[in-house]
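# compute the structure for the input listed below.
(one chain, ligands or ions: 1)
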Amino acid sequence: MSIGRIGEYFDERAGGWDAQSEAAGGKHLAIARLAGVHEGARVLDIGCGTGIMERAYLELGASRILALDLSQGMIEHARAKFADVARAQLEFACADVLQLDTNERFDIVVAYNAYPHILDREALVERVSDLLVPEGRFLVAHGMGRKALDAHHAHVPANVSRELLPAREEATCWESRFDIDEVADTPFVYFFGGAKRRTSD
Ligand SMILES: C[S@@+](CC[C@H](N)C(=O)[O-])C[C@H]1O[C@@H](n2cnc3c(N)ncnc32)[C@H](O)[C@@H]1O
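Below is the predicted model of the structure:
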């Protein structure tokens, strides 16, 4: 597995990312609500890209958002878009979530359109659990259904992305640390999420 290769792959695409992406809007607000973002929430956004979810988190009143991406190019585009928001409230960092060096803890962790690129699922589950407060929640979500997503990734190198399993199967891997209470896997939507289990503190 090559974290460097994944960062490079997305760096090469950062300049044209917004032009080929859906504009931030109602879908992203609905996903942020589904994730449980609320007034005062501390949110960790994994694989934020150019910041497609950040407007929604701000609109729902998040008090702190740490938005991470492996690609410096993605982070630079995101920072430029949100230059008017105080860094204490919204911080973009070029970092691998699996190696993130922080004592900060979050109420909510979201990986939107990023999960198939984090190839070590078991490590991610452990890391997300560590980064959440005791009753914190995570959500893995995509802006399209699984088949459409796998077709979209068909030409992406295997060391950059992997095929998604049905949401219920992917969620099984998270059950070691989380109580899964949200799963959808339809032609148009794919997500799963849940709450950190108290006994795993
Ligand atoms: C398909 S893009 C999605 C970007 C954005 N969420 C969106 O929907 O437009 C996936 C992003 O995840 C980032 N990524 C992949 N692995 C990561 C990791 N281990 N830590 C942080 N970001 C990662 C990539 O650099 C890439 O920008």
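
# now the residue sitting furthest away from the middle of the chain, what's its secondary structure?
Most distant residue from the mean C-alpha position of the chain: residue 199, 24.4 Å away (CA atoms, centre = their mean). What DSSP: H, G, I helix; E, B strand; the rest coil gives for residue 199 is helix.

# number of residues surrounding residue 135?
Counted by other CB atoms under 10 Å, the residues lying close to residue 135 total 11. For every residue, glycine as well, the C-beta is placed using N, CA and C.

# which residues touch the host helix or strand of it?
Assigned by DSSP states H and E, residue 135 falls within strand 132-142. Under the criterion CB atoms under 8 Å, 6 or more residues apart in numbering, residues 31, 34-36, 42, 105-113, 115, 128, 149, 164, 170, 174, 178, 182, 189-196, 198, 201 lie in contact with strand 132-142.

# middle-most residue in this structure, spatially?
Centre-nearest of the chain using CA atoms, centre = their mean is residue 111, 1.6 Å out.

# give the contact list for it.
So residue 111 contacts 46, 47, 118, 124, 138, 139, 140, 141 (CB under 8 Å, 6+ apart).

# kindly report the same for residue 91.
Contacts of residue 91 by CB under 8 Å, 6+ apart are 65, 66, 67.

# any bit of the helix or strand where residue 8 lies sitting next to the ligand?
According to DSSP H and E, residue 8 maps onto helix 3-14. Yes - using CB under 6 Å from any ligand atom, helix 3-14 reaches the ligand at 6, 7, 10.

# which residues are in contact with that helix?
Taking CB under 8 Å, 6+ apart as the rule, helix 3-14 contacts 49-50, 69-74, 76-77, 96, 98, 117, 156-157, 159-160.

# check the offset of it from the chain's centre.
16 Å (CA atoms, centre = their mean, to the nearest Å).

# now stretch 153-160
19 Å.

# and for stretch 166-178?
Distance, centroid of stretch 166-178 to centroid of chain: 16 Å (CA atoms, centre = their mean).
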